[in-house]
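In: test case, fold it:
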Amino acid sequence: MTSLVPLRAPAYAEGGLKDVLPSVVSALGVPDVGPRWVLPSARSAVVVLVDGLGHDLLRRRGGHAPWLRSLFADGKRIAAGFPSTTPVSMGSFGTGLDPGSHGMVGFEVLIPGEDRLLNELSWEDGPVPERWQPRATWFEKAAARGLDVARIGPGFFDGSGLTRAALRGGRFVAAQSLEARVDATLAHARSQPASLTYLYWGDLDKVGHVHGCESWQWGDELETIDRQLARLADGLPSDCSLTITADHGMVDVPMAHRFDLAHDPDLAAGVRHSGGEPRAPQLYCEAGATDDVLATWRARLGDIAWIVSRDEAVAAGLFGPVHDEHLARIGDVVVAMRQAHAVVDSRHHRPELLALIGLHGSLTDDEVPVPLFHVAARAT
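Out: Numbers count the residues shown, from 1 in each chain. Take a look at the predicted model:
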C-alpha cells in the first residue's frame with residue numbers, strides 16, 4: 001500500500017546547515033561571500049558542531065541543558081539535509097553546498113563502475129577523497145583569505161577520508177575529551193587576531209545510538225556538553241563570536257520495528273546492493289528489477305515510509321540540485337522511514353550496527369531540523 005502522506009524535501013532554499021560557515025566567514029569581514037544570514041561582525045569566530053543534537057530533540061530534553069535552552073529565543077531551526085546522516089551533513093557543512101552538488105549523498109553509496117559500496121563515514125578502501133569531493137571547503141576558502149583556521153577533534157580524524165573530502169583546510173589540532181577540546185579552542189581563539197576555530201564533539205550521537213536518545217544516559221551527556229559550552233562562551237575573547245549547530249537528530253527504533261533483508265526474501269528480491277542506512281535505505285537494483293522492487297517495497301512498507309525512484313527523489317528535491325556526475329551514486333530506489341521503523345541487512349551490516357537503538361537518516365522532524373545558535377562578539 002502506498003502512503004498518502006506527501007513527500008516533503010528539506011527546505012534547502014530557506015537556509016540550512018550548508019549556510020552556517022559562509023555566514024560566519026562573511027561576518028569576519030571576508031568580502032563577496034553572499035551569506036544566507038547577516039551576522040554581527042567579529043574579528044574571530046568559533047563554530048561548534050555537536051553530532052546528533054537535533055533541534056526538536058534538544059527542545060524536548062532541554063531541562064538537561066539550561067545554558068543552551070537560554071539561547072532558543074534568538075536561535076534558528078534549520079535543515080540539515082537528506083539523508084540526515086553525518087557524512088552527508090559534513091559535506092554540506094564543509095562545502096556550503098547541497099548533497100546533490102557536493103556528491104556525498106548517503107552513509108553507504110555505490111561507487112559507479114566498481115559494483116561496490118563506499119561507507120562515507122569509515123572510508124575503508126574508498127576512492128581518493130579529494131577526487132570524490134573536489135569542491136573547495138569553507139575552511140580552505142577562509143585560510144586562503146587570511147584567517148588562521150584550526151579544526152579541533154579526535155586525533156584519528158586527522159587525514160581521514162571524510163575529513164579530507166568534506167572538512168579539509170587550515171590545520172588540525174588533536175584533543176580527546178570535550179574539556180580538552182574546549183581548552184584547545186580557547187587557546188587558539190585567544191592567540192590569533194583573526195581566526196576561525198571549529199570544534200567537533202561526537203559523543204552525544206554515540207550515546208544516542210547505543211542507549212537511545214530518550215535515555216538517561218543521553219540526558220547526562222547533554223548536561224556535560226551544556227556545561228562545557230557555557231565555559232567556552234564565558235572564556236572567549238570579547239571580539240570572538242560563537243556559533244553552535246549540529247548535523248542531524250535521532251529516533252529510537254524498537255527492535256520489533258525492524259525488517260531484515262536477510263530474512264525477508266520478498267524485500268530482498270531484485271536488490272543487488274542495500275546502501276544508505278536503516279532509516280533511509282538506498283537500493284541498487286539488479287538490471288531491469290527497479291520497477292518490481294518499487295512495487296514490492298511500496299506494497300509492504302508504503303504505510304510507514306516514503307518510497308520513490310531515483311528520478312522521483314531528484315525531482316522532489318530530496319538532495320537539492322543533483323549534478324549529473326553524482327546521479328549514479330544515488331540508489332535506484334530511495335526509501336525514507338516516516339515512522340519509528342528501519343530496514344537492516346544482517347548479511348551486510350556489522351553486529352554493532354544491528355544493536356543500535358537510536359537511528360537517523362530519514363526526513364522526519366526528529367531527524368532533519370538542527371539548531372543554530374549564534375552568540376555575537378561583545379566588541380569588535
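In: return the distance of stretch 214-222 from the chain's centre.
Out: Stretch 214-222 sits 20 Å away from the centroid of its parent chain (CA atoms, centre = their mean, to the nearest Å).
In: show me the contacts for Asp115.
Out: 272-273 (CB atoms under 8 Å, 6 or more residues apart in numbering). Heads up, the C-betas are built off the backbone N, CA and C, glycines and all.
In: relative to His273, how far out is it?
Out: Using CB to CB, to the nearest Å, we find Asp115 at a distance of 8 Å from His273.
In: residues contacting the lowest-mean-pLDDT helix or strand in the chain, please?
Out: Every helix and strand of the chain was ranked by mean pLDDT, DSSP states H and E. The lowest is helix 351-354, at a mean of 92. With CB under 8 Å, 6+ apart as the test, helix 351-354 has contacts from 278, 344, 346.
In: can I get that helix in PDB? Just the C-alpha atoms.
Out: C-alpha atoms of helix 351-354 as PDB (Å, rounded to 0.1, in the frame of the first residue of the first chain):
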ATOM      1  CA  PRO A 351      26.500  -6.700  14.600                       C
ATOM      2  CA  GLU A 352      27.300  -3.400  16.300                       C
ATOM      3  CA  LEU A 353      25.100  -1.500  13.900                       C
ATOM      4  CA  LEU A 354      22.300  -4.000  14.200                       C
END
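In: buried sites along it?
Out: For helix 351-354, the neighbour count (16 or more other CB atoms under 10 Å) marks Leu353 as buried.
In: gap between it and the chain center?
Out: Taking the mean of its C-alpha atoms, helix 351-354 sits 20 Å from the chain's own mean (CA atoms, centre = their mean).
In: residue contacts, the residue most central in space within the chain?
Out: Central residue of the chain (CA atoms, centre = their mean): Ser89, 2.9 Å from the mean position. For Ser89, the contacting residues are 17, 80-81, 247-248, by CB under 8 Å, 6+ apart.
In: can you name the helix or strand that Val48 falls in?
Out: Per DSSP states H and E, Val48 falls inside strand 44-50.
In: one step back: for Trp216, see how far away the residue nearest to the centre of the chain is.
Out: Ser89 is 26 Å from Trp216, by CB to CB.
In: kindly report the same for Asp32.
Out: From Asp32 to Trp216 the distance is 48 Å (CB to CB).
In: same check on Thr95?
Out: 37 Å.
In: looking at these two, which is more packed in?
Out: The neighbour comparison of Thr95 against Trp216 (other CB atoms under 10 Å) goes to Thr95, with 28 against 10.
In: which non-adjacent residue is nearest the more buried one?
Out: His102 (4.6 Å; CB to CB, 6 or more residues apart in numbering).
In: so what's the residue count around that neighbour?
Out: Count around His102 with other CB under 10 Å applied: 27.
In: that one against Gly91, yeah?
Out: Yes: His102 is in contact with Gly91 according to CB atoms under 8 Å; the separation is 4.4 Å.
In: run through the residues that contact Gly146.
Out: Ala194.
In: please redo it, this time with the cut-off set to 10 Å
Out: Residues counted as contacts of Gly146 (CB atoms under 10 Å, 6 or more residues apart in numbering) are 28-30, 194.
In: sorry, back to before: please identify which of the contacts of Ser89 is nearest to Trp138.
Out: Among the contacts of Ser89, Leu17 lies closest to Trp138 (CB to CB), at 11.8 Å.
In: now do the same contact list for the closest one.
Out: Per CB under 10 Å, 6+ apart, neighbours of Leu17: 10, 49, 78-81, 84, 88-94, 96, 98, 245-248, 368, 370, 372.
In: report the separation between it and Ser309.
Out: 26 Å.
In: please apply the same query to Asn119.
Out: Counting by CB to CB - Asn119 and Ser309 are separated by 24 Å.
In: just to revisit the earlier point, packing partners of the helix or strand just after the strand holding Val48?
Out: Counting by DSSP H and E, the next helix or strand C-terminal to strand 44-50 is helix 55-60. The helices and strands touching helix 55-60, judged by 3 or more CB pairs under 10 Å, 6 or more residues apart in numbering; DSSP states H and E, are helix 66-69, strand 76-79, helix 203-211, helix 216-235, strand 240-246, strand 369-375.
In: buried stuff in the first one?
Out: Buried positions in helix 66-69, judged by neighbour count with 16+ other CB under 10 Å: 67-69.
In: likewise the fourth one?
Out: Judged by neighbour count using 16+ other CB under 10 Å, the buried positions of helix 216-235 are 218-219, 221-222, 224-229, 231-233.
In: kindly report the same for stretch 57-71.
Out: Taking 16+ other CB under 10 Å as the criterion, stretch 57-71 shows 57-59, 61, 64-65, 67-69, 71 as buried.
In: one more: stretch 31-50?
Out: 33, 35-37, 39, 42-50.
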